[in-house]
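A.B. asks: take a look and give me a structure for this.
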Amino acid sequence: MLAAALLAAAPALASRPPKAEELLGWVLDQPDIGYEGRTMITEWFGKQARAEEVEVYHASGNRVRREFLAPDGRVRRVIVTDGDREQVYLPRAHKIFAGDAARVYEKVMPSDQERQLLLANYDLIAGGPKSIAGRACWTLEFKPKFPGKPSQKLWIDQRTRTILENKRFLPGGAFAAMSRFVDFEPRRRLDDSLFELSDSSATVLHPKNLEPQFLSLDELAKATGRKANLPDSLPGGFQFESADYMKVGRNVVRQARYTDGLAIVSIFVTDKPVRLPKQGTTVVYNTSGPTELRLSASGKVLNWRRGRESYTAVSDVSRRLLLAISASLK
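C.D. replies: A predicted model of the protein is given here:
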């Protein structure tokens, strides 16, 4: 077994962690190795929580299969990707949705600039050793330098450098989301059939215009025929990352994404107001893979009018910071 070989070949584990920036390098350059395991993904929305178990198979070539399980153990959906193409299989509906994976599309912000932005906005703290799924890990914490932002903590396998746990905390320290391996086993080789979807009765669909775009603000204006009048930066250390748009009936919804290297603020511009609850906030969520640095979870939504256009800001920063961001755009 590969695990036994690694144990025999590896030197004794150090008792003190590497420097925080070295661990960050491990996180941003995840190893292309084979492994399988089971993760538990949990998201908190105030007093409510949503949990889901996922069987994960990762093979060299960055081929990944994720099986999302119902409470009774049956497979509710399967996602298979090689980093370029992605397929989502719904067994009960006998449907396969196929298309490009999001990572195919290049971001506007270079990765080295995003890394420097992260270091400018967060203090990195290395720690450990800790144990996850019976494996020794180092920890890496991201503490925001600017108040009102979420924080994050990662547990990184000392031998494989794989992220085995990822916890995100809302401003104030409450849990937002967690992804944790409860079982993890390195594998020298996984069966190629795991990364092929086979259901002769399934309908294969190729949805159009659903892939994310990573446009500059000038490209967004050319594509939509309208200038968004959005800045290059927002309060709290957020810098413009990329833009996108979608058509809803006859209306065009424009989106600008801003990042501080870890957290995201999305600004949507529409012609018609977006309906919100009386409190002006609601819950949005997005479940990411267990090895993603970002782990978006519950967030806040705020909207306002500027002239004839309606603006909606979405993020999991504090309401106070979101209000400061909205004020800078009015």
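A.B. asks: C-alpha from now on. contacts and neighbour counts both.
C.D. replies: OK.
A.B. asks: show me which residues of stretch 178-185 are buried.
C.D. replies: Within stretch 178-185, the residues that qualify as buried are 178-181, 183-185, counting by 16 or more other Cα atoms under 10 Å.
A.B. asks: cool, and stretch 38-48?
C.D. replies: Neighbour count says stretch 38-48 has 38-45 buried, by 16+ other Cα under 10 Å.
A.B. asks: can you check stretch 165-179 too?
C.D. replies: Buried residues in stretch 165-179 (16+ other Cα under 10 Å): 165-171, 175-179.
A.B. asks: closest to residue 320 out of the residues you listed?
C.D. replies: residue 171 (10.6 Å; Cα to Cα).
A.B. asks: one step back: which of the buried residues of stretch 178-185 fall within helices?
C.D. replies: Judged by DSSP state H, helices contain none of the buried residues of stretch 178-185.
A.B. asks: report the two of these separated the most.
C.D. replies: 178 and 185 (20.0 Å).
A.B. asks: same for the helix or strand containing residue 166, what does it pack against?
C.D. replies: Per DSSP states H and E, residue 166 falls inside strand 163-169. Judged by 3 or more Cα pairs under 8 Å, 6 or more residues apart in numbering; DSSP states H and E, strand 163-169 is in contact with strand 151-157, strand 175-186.
A.B. asks: just the angle for it relative to strand 175-186, thanks.
C.D. replies: Angle between the axes of strand 163-169 and strand 175-186 is 180 degrees (criterion: axes from the mean of the first three to the mean of the last three Cα atoms, to 10 degrees).
A.B. asks: list the neighbouring strands of strand 163-169 plus their orientation.
C.D. replies: strand 151-157 (antiparallel), strand 175-186 (antiparallel) (DSSP bridges).
A.B. asks: do you know which of those strands lies nearest residue 234?
C.D. replies: strand 151-157 (18.8 Å).
A.B. asks: CA atoms only for the closest one, dumped as CSV, please.
C.D. replies: Only the C-alpha atoms of strand 151-157 are listed here, as CSV (Å, rounded to 0.1, in the frame of the first residue of the first chain):
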residue,chain,number,x,y,z
SER,A,151,-11.4,34.2,9.4
GLN,A,152,-10.4,30.7,8.4
LYS,A,153,-8.3,27.7,9.6
LEU,A,154,-6.9,24.8,7.7
TRP,A,155,-5.5,21.4,8.8
ILE,A,156,-2.9,20.2,6.3
ASP,A,157,-1.6,16.6,6.2
